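Asks: Predicted structure and sequence below. I'll ask about it afterward.
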Amino acid sequence: MLMKINTYLLVISIIFTWPQIAAAELPVSEELLNSVFMLSSVDSNTCATAFTIEDGTLVTNSHVLDALCKAPPCRSLVLRRGVALGGMAGPEIAHNGIKIIADIRSLDFALVKIDTDEDINGVFRLTEPKRSDQIASLGFEKCKKLTLSRGKVLSSDSLYLYTSTRGKHGVSGSPVFRSDYSLAGVVDEASSINGALLSTFFGKRFYNRAVRAEQILNITKTPLAERLLYQAETLWDYYQSGVSSTTGSARFFKSMGFMDSYRALREELLTTKLTSDALALLNVSSTAPDFLPRIHISAQPNRLTSAVERISLAASLEYNGPYKHLYRKIDLNKFKAELLKTPRSEQQVELLAETVRAVLKSGYMGIERTLISWLLKWLPAVAFFLVIWGASLGYVFAVIKGSILKRLIASAVIGLLLWPLSFFLFLIWTSRRKPS
């Protein structure tokens with residue numbers, strides 16, 4: 001009996017002490033806290049998180065940089081570093097502006113050098129990808145308190161990590177790291193639209209999605225002349241691994257994210273010297289996918305042109321769906337036959353045809369048609385709700401005695417304050433009121 005009691009006590013002690021044991025695996029040092037920064041505008045209306053790696057390079061999201069630094073050197077950018085967990089950021093760091101090393105909008109990360117006399121070298125390290133069960137994120141939630149969240153990677157694709165670390169608005173640009181301070185990723189947004197909405201309207205914490213750290217490492221190793229090619233091929237890999245394999249509402253929202261990344265890359269491509277083939281292909285995304293075989297391609301397109309063709313077709317399919325016009329779907333055999341008549345390689349033709357085949361098989365209608373179908377699906381329910389709501393307000397207006405202004409105010413209060421509960425309470429009150 002005594003042995004059983006001792007066993008139960010041991011189990012209970014392990015349960016209650018395990019969080020402390022796990023926490024000890026990820027030391028929180030002063031150097032760690034000092035490696036995380038809060039970026040904000042002068043009026044503090046816009047703010048986010050950033051961090052520095054060992055050589056002093058500041059890392060954050062491209063959308064953060066776009067919001068806070070539209071025209072470098074951005075000497076008005078306010079930079080404060082972390083001091084203590086649960087505490088506000090430290091005093092403003094004096095600097096003479098920034099130099100953008102890389103602003104990869106399609107992958108949503110940016111590397112920046114700060115012109116300052118202060119030592120801002122960080123503890124985070126860019127290393128080759130490695131597996132780790134335990135990770136953590138560290139950022140300024142609501143741009144106020146520095147918050148550490150421990151967790152693990154729930155799932156991943158070629159571009160993102162979907163983690164159980166949590167955050168609120170303001171953690172964009174936060175580091176996701178392992179116990180040895182090697183970087184796993186950079187938080188860019190909530191991992192789901194539901195999490196983002198709950199955070200916006202109810203202040204709930206959401207699961208973090210992070211851009212994989214190897215994307216940053218790869219960009220630093222890629223020559224400037226080849227970075228556009230790297231982005232195009234990375235987006236294609238992400239489309240195959242993270243977008244085309246999903247269904248339902250998740251597909252719709254991933255399509256939206258993919259289109260944002262594609263448009264960012266498209267804008268950058270249009271500012272560079274491209275072949276006439278690549279320029280023509282960039283217009284495919286705004287047309288029906290079956291238009292692709294009509295675009296002339298030279299006998300030996302380069303890698304960038306081929307990559308642009310693939311992601312442009314993917315963008316067209318995600319936005320327009322696999323349709324020629326209205327609700328008439330593409331004839332895959334005819335589409336492939338027309339492509340084979342062009343100078344495209346058989347491998348490229350097969351990749352393009354397989355992309356169309358996958359969308360046809362999934363039943364995905366594209367962003368535009370999905371929105372229309374949702375509207376048609378929910379319109380009767382919304383119309384019914386509005387009719388009931390309007391009728392209840394009309395009833396309140398008719399029953400309340402007094403001036404028109406008094407009746408309007410009573411109707412508005414009941415209609416806007418906890419309706420329909422307020423209307424039911426009104427009905428109970430009027431049924432019990434003694435006739436005058």
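Replies: That came through fine. Only a predicted model underlies this, so the values are computations on that prediction, with no experimental measurement involved.
Asks: Could you list the low-pLDDT ranges of the chain?
Replies: Across the chain, residues meeting the criterion (pLDDT under 70) sit at 1-26, 433-436.
Asks: domains for it, by residue range?
Replies: In the assignment given by automatic domain parsing, the structural domains of the chain cover 30-215, 222-365, 379-432.
Asks: Just the terminal-to-terminal distance for the longest one.
Replies: From its first residue to its last, domain 30-215 covers 28 Å (CA to CA, to the nearest Å).
Asks: Next: the second one.
Replies: End-to-end distance of domain 222-365 (CA to CA): 36 Å.
Asks: returning to what we had before: residue 373: which of the domains of the chain is closest?
Replies: Between residue 373 and the domains of the chain, the shortest gap by CB to CB is with domain 222-365, which sits at 6.6 Å. Using the backbone N, CA and C atoms, a C-beta is placed for each residue, glycine as well.
Asks: now that closest one: how far from the chain's centre is it?
Replies: Taking CA atoms, centre = their mean, to the nearest Å, one finds domain 222-365 lying 21 Å from the centre of the chain it belongs to.
Asks: Could you find the closest non-adjacent residue to residue 99?
Replies: Here the nearest residue to residue 99 in space, its sequence neighbours aside, is residue 113; by CB to CB, 6 or more residues apart in numbering that works out to 4.5 Å.
Asks: pretty sure the one you found is in contact with residue 101, am I right?
Replies: Yes. In this structure, residue 113 sits in contact with residue 101. The criterion is CB atoms under 8 Å, and the distance is 5.9 Å.
Asks: what do these two both touch?
Replies: Residues touching both residue 113 and residue 101 (CB atoms under 8 Å, 6 or more residues apart in numbering) are residue 57.
Asks: mind listing the strands for the stretch 51-200 of the chain?
Replies: Using DSSP state E, counting those that start in this stretch, the strands of the stretch 51-200 of the chain run over 58-60, 78-81, 98-104, 109-114, 135-141, 145-151, 153-156, 160-167, 175-177, 183-190.
Asks: okay if I get these as a markdown table plus distance to residue 293 and mean neighbour count?
Replies: Listed next are these as a markdown table, based on distance: least, CB to CB, whole Å; neighbours: other CB atoms under 10 Å:
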| stretch | distance to residue 293 | mean neighbour count |
| --- | --- | --- |
| strand 58-60 | 42 | 25 |
| strand 78-81 | 52 | 20 |
| strand 98-104 | 32 | 17 |
| strand 109-114 | 36 | 22 |
| strand 135-141 | 46 | 26 |
| strand 145-151 | 47 | 19 |
| strand 153-156 | 35 | 14 |
| strand 160-167 | 33 | 23 |
| strand 175-177 | 43 | 27 |
| strand 183-190 | 36 | 26 |
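Asks: follow-up on the earlier one: with distance to residue 372 added, can I get the domains of the chain in a markdown table?
Replies: What follows is those, written out as a markdown table (distance: least, CB to CB, whole Å):
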| stretch | distance to residue 372 |
| --- | --- |
| domain 30-215 | 19 |
| domain 222-365 | 8 |
| domain 379-432 | 10 |
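Asks: so which of the ones you listed gets nearest residue 371?
Replies: When the domains of the chain are compared for distance to residue 371 using CB to CB, the nearest one is domain 222-365, at 8.3 Å.
Asks: count of residues packed around residue 57?
Replies: 21 (other CB atoms under 10 Å).
Asks: Contacts only, for the residue nearest to residue 99.
Replies: Contacts for residue 113 (CB under 8 Å, 6+ apart) come out as 56-58, 98-99, 101.
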